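> Give me the fold of what follows.
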Amino acid sequence: MPAPYLGPIRTWWCPECNVPVLKEKCPSCRSRAEKLEVTPPGEIKFASEKEIRMINRVIEEKFGVTILRNELVLLNKLPATDKAYEVIVNGRRILQVHFLPESGWIPKLKPEGGQLIYNLGGRGWIIADGKASESIVSKGVNLMAPGVTDAHPSLKVGDEVYVLNPAGRVIATGTLKEVWSSVKRGVVVKVRDSWEADDIFDKESSLEAAVEANEPILKEEAELSVSFIQKTLSFVKKDVTVAFSGGKDSLIVLDLVSEVIDPKVIFTDTGIEYPETVKYVKSFSGDYDILVADAEDGFWRGFEILGPPARDYRWCCKVCKLGPTNKLLKEVFPDGCITFVGQRRYESSKRAKQRRIFTNPWIPLQIGASPIRNWSSLQVWLYISWKGLRINPLYLDGFDRVGCWPCPSSDMWDFEMLKERHPNLLKKLENELSKFLPEEDIKSGNWRFLRKRSPLKFWERNLERWISLLSNEYYSKRFNNLLKSIRKNSESIRIDHRLSLRDEREILWILAKAVSCLGCGSCLGKCPTGALGLGADGKIEISEHLCTGCGKCLRPCPLIDYSEVHAWTY
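Numbers count the residues shown, from 1 in each chain. Sure, this is the predicted structure:
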């Protein structure tokens, strides 16, 4: 998977202090730091104790030794089909670890990691002669059978190996293609990385030392963010809120905004939050006025109608986040509000393109602002440690993200951790998925990438049901009221297994909203006259005396947008 460039990676390593720093000159010792070469986008965090144990276990199983002690270990998240990290120790990338659903965690060594393993007496080595060693380092070629002089006797085809030169220095890492003793020609090691391993600094390092070294930078960046908040509030004269998800980024924004003003806090409970996250957010209620936008069971209602979400079919964000937020804002902030959010450019290409102050058409009553848009993940974690902020306990257990637990953007490792903590939740998700998809797509995680919802099948599946429901007095009345309100000048229509009408598309939209409205509230903020409200059944109702028939409430609507009725005709 190609590595996305989302912005400059401002991370260096000070060899004198043996800590990561956020500027080229170490603020602590004033010496010149080395550029930390990492794979973009450069989302680095400090490894938890549980993650260090996991990496040590993986290395010990493959090579017979453990290489991580209690020093500072950094993990750089890699772009991959599932969870993967670059492991950084003492300023050097020593290996990558990749999670494969079918086989678990596997290591991919860098030469420095191979050197550490060899120095500790680990297995997995293969020795090249002088001529082969020179070619590998200078040209990056594979190790051929004639160039091998010795190898560890336990090696098997497919093993991860490291190549030594005659002096005992690691010069390459890769995959064993043939057992050396059984062949006389051909490729023995498919080389992946080839350079002579650097020495690893033999100095102690700690999180406390890293925070102390970066404190002047953290203070400076925090002041810039606070200045942005103050400037924004000087020209946006609206109620001030902070969107607090229980995640690390919104925690920092809450801390920064609180230095300027006492904000109201908006927590959107999607109904599919980790229980730990809900408990964590509630623990702030003694310090802040927390307003909860509650999606209730909207996810599972949407699941039944729209099918499973997928990475390119994320109707759930509209139904469970934006819609409930719309409802809350209309009730509490009818004149709108400014909301500070914890979005950062390094999270995704979409957020990298987003402006620092923005609006969202799905939430018209809200102006969004991102005080930490240009902060890196490493800067975030250093700030949290510097200020001593209390974090969501899920992070201490190795979670990268603490949002909705059934999210299709989750890695399979996230679901493994969910299974360990809350097996009943994972079982519920698998049961619902089984109504739409075969077991192999569920177990492999392929459901996260599948969008098996064609517009034709969706509307064929629902149209007969909707028409039959219109014989019910409630749905018939609801449809007629919606039709009269939204399209006051529509011609009369005939409902059976075929529609006879003037504007098929809009009538289908109204039919869908009449029968299958999810009650998410996405359309509430679009009405210019305030004619929309939620009825006792949780569905949209229209006040006919206020409705002008403009039709703006038809879009945005997750039911319409994600079922693609606008792309389908008879």
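
> Pull out the buried residues from stretch 80-98.
80, 83-98 (16 or more other C-beta atoms under 10 Å). Using the backbone N, CA and C atoms, a C-beta is placed for each residue, glycine as well.

> Out of the residues you listed, list just those in strands.
84-89, 92-98 (DSSP state E).

> For those, please prepare CSV with the additional fields distance to Arg314.
Converted to CSV, those look like this (distance: C-beta to C-beta, whole Å):
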residue, distance to Arg314
Ala84, 22
Tyr85, 25
Glu86, 28
Val87, 31
Ile88, 32
Val89, 37
Arg92, 38
Arg93, 33
Ile94, 36
Leu95, 33
Gln96, 28
Val97, 28
His98, 25
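
> okay, now the residue lying closest to Tyr475 once chain neighbours are set aside: neighbour count?
In space, and not counting its chain neighbours, Tyr475 is closest to Leu469: 4.5 Å by C-beta to C-beta, 6 or more residues apart in numbering. For Leu469, the neighbour count with other C-beta atoms under 10 Å is 18.

> Backbone torsions only: list them for Leu469.
Leu469 adopts backbone torsions of phi -70, psi -30, taken as degrees, to the nearest 10.

> Going forward, the N-terminal residue is numbered 36.
Fine by me, first position is 36 from now on; the one you just mentioned is Leu504.

> from memory it sits against Val550, does it?
Yes. At 5.3 Å, Leu504 counts as touching Val550 under the criterion of C-beta atoms under 8 Å.

> Between the two, which contacts overlap?
Common neighbours of Leu504 and Val550, counting by C-beta atoms under 8 Å, 6 or more residues apart in numbering, are Tyr510.

> Quick check: end-to-end length of stretch 159-170?
One end of stretch 159-170 to the other measures 21 Å (C-alpha to C-alpha, to the nearest Å).

> Same question for stretch 214-228.
OK, stretch 214-228 end separation, C-alpha to C-alpha: 20 Å.

> Show me which residues of it are buried.
Trp215, Val222, Val223, Val224, Val226, Arg227, Asp228.

> Just the closest of the residues you listed to Leu460, please.
Ranked by distance to Leu460 (C-beta to C-beta), the buried residues of stretch 214-228 are led by Arg227 at 37.9 Å.

> Who's the closest spatial neighbour of the closest one, skipping the chain neighbours?
Gly209 (4.4 Å).

> If you tally nearby residues, what's the number for that neighbour?
24.

> Could you list the low-pLDDT ranges of the chain?
36-38, 236, 486-501, 521-540, 598-605 (pLDDT under 70).

> Residue ranges of each domain in it, please.
The record, using automatic domain parsing to delimit domains, assigns the chain the ranges 36-145, 159-231, 242-483, 490-602.

> chain center to the first one, what's the gap?
So the one you mean is domain 36-145. Its chain's C-alpha centre and that of domain 36-145 lie 19 Å apart, by C-alpha atoms, centre = their mean, to the nearest Å.

> With the shortest one instead?
Using C-alpha atoms, centre = their mean, the mean C-alpha position of domain 159-231 is found 38 Å from that of the whole chain.

> First-to-last residue distance for it?
With C-alpha to C-alpha, one end of domain 159-231 sits 17 Å from the other.

> And the furthest pair within the ones in strands among the buried residues of stretch 115-133?
Arg127 and His133 (19.1 Å).

> Run through the bridge partners of Leu211.
On the basis of DSSP bridges, Leu211 is bridged to Val224.

> how close does it get to Val172?
Plainly put, Leu211 is 19 Å away from Val172 if you go by C-beta to C-beta, to the nearest Å.

> Check Leu190 too.
22 Å.

> I figured Leu567 was touching Ser557, is that so?
No. Contact between Leu567 and Ser557 fails when scored by C-beta under 8 Å: they sit 10.6 Å apart.

> Could you check which of these two has the larger neighbour count?
Ser557 (28 against 21).

> Which residues are in contact with the more buried one?
Lys353, Val354, Leu357, Gly358, Asn361, Trp397, Pro591, Cys592, Pro593.

> any idea where the strands of the stretch 436-585 of the chain begin and end?
529-530, 534-535, 567-569, 575-577 (DSSP state E, counting those that start in this stretch).

> Give the burial count for Trp410, as a bare number.
The burial count for Trp410: 23, using other C-beta under 10 Å.

> which residues touch it?
Contacts of Trp410 (C-beta under 8 Å, 6+ apart): Glu256, Ser260, Ile287, Arg379, Tyr418.

> A helix includes it, no?
No. Secondary structure assignment (DSSP: H, G, I helix; E, B strand; the rest coil) places Trp410 in coil, not in a helix.

> so Leu461 touches Glu455, yeah?
No. Leu461 lies out of contact with Glu455 (C-beta under 8 Å); the separation is 9.4 Å.
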